[in-house]
Structure formats: structure tokens, C-alpha cells
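In: Fold the stuff below for me.
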Amino acid sequence: QVQLVESGGGSVEAGGSLGLSCAASGYTACDNDMSWHRQVPGKEREFVSGIDNHGSTTYADSVKGRFTISQDNTKKTAYLQMNSLKPEDTAMYHCKRRCALGWTWRYYWGQGTQVTVSS
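Out: Numbers count the residues shown, from 1 in each chain. Below you'll find the model as predicted:
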């Protein structure tokens, strides 16, 4: 069974930093492109950042200049370094990656890791 497991969330004060990880396991193969998303209760899940097969990155305007996405393709592990955190960054952070189990490809989501930023 394919699993994406996020870690690294926690509680910090505004201006602080956190680093998130997303590790894939149980797959036959995974794409090298993946993305991070976040969700606040009562709101839709929103895109935060993505990285493609060539290492090109994209960011939501709200996190540009503060967050950095990266990954270790050999380990199928992705990272999100979050600096200068703001209270509005408080959310459950999920990673998303397309992986194969046998011959079947589909997108998988992790369960999420909570990030709480206090003012």
C-alpha cells in the first residue's frame, strides 16, 4: 500500500521556522514531481508549493520568499522549509504525489501535519 507520511509540524511563534518532510513508501514507482497543500477547517485545501521532474519550483503568492520546497529523488522524500512564519500560515499541511502500485498510477495524499503559528 502506498503511503505518504508528513512530519515536522508543530507550534511556533510568528517569525519562527519549521521544516516539513514527506516520505513515500510502499510504491512500485513515483513521479519526481510533487506538491504541498494546506487546509484550514471550513476552507478548501489550497496549493502552497510544487516541484517538478526537472527541479523547477512554484509557490503560492502568499508564501513566496518565505517557503522553500526541495526533494531527494532517490529517497522519494520531499521537504518544505518554512521561514518567517505568520499566524495565517496556521493549517494542516498535506503532501501530494503521483505513484504507482503495480501498474496502477494515481495521486496520493498524506494524512497531514499540523502547523500552528501564534502571534
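
In: quick one, strands of the protein?
Out: Assigned strands in the chain, in chain order: 3-7, 10-13, 18-25, 29-39, 46-51, 57-59, 67-72, 77-82, 91-101, 104-109, 113-118 (criterion: DSSP state E).

In: Check which helices and strands the fourth one sits against.
Out: Same thing as strand 29-39. strand 18-25, strand 46-51, strand 67-72, strand 77-82, strand 91-101 (3 or more C-beta pairs under 8 Å, 6 or more residues apart in numbering; DSSP states H and E). Just so you know, the C-beta spots here come from the backbone N, C-alpha and C atoms, and that holds for glycine as well.

In: Deepest in the core, which of those is it.
Out: With neighbours defined as mean count of other C-beta atoms under 10 Å, the helices and strands packed on strand 29-39 peak in mean count at strand 77-82, which reaches a mean of 22.

In: Check which helices and strands that strand sits against.
Out: With 3+ C-beta pairs under 8 Å, 6+ apart as the test, strand 77-82 has strand 18-25, strand 29-39, strand 46-51, strand 67-72, strand 91-101 packed against it.

In: Name the nearest residue to the residue positioned nearest the centre of the chain, sequence neighbours excluded.
Out: For the chain, W36 is the residue whose C-alpha lies nearest the centre (C-alpha atoms, centre = their mean; 3.1 Å). Excluding the flanking residues, the one nearest W36 by C-beta to C-beta, 6 or more residues apart in numbering is V48, at 4.4 Å.

In: again, but for R45
Out: Of all residues not flanking R45 in the chain, Q39 sits nearest, at 4.2 Å (C-beta to C-beta, 6+ apart).

In: Which residues are in contact with the one you found?
Out: Applying C-beta atoms under 8 Å, 6 or more residues apart in numbering, we find Q39 in contact with 45-46, 91-92, 94, 112.
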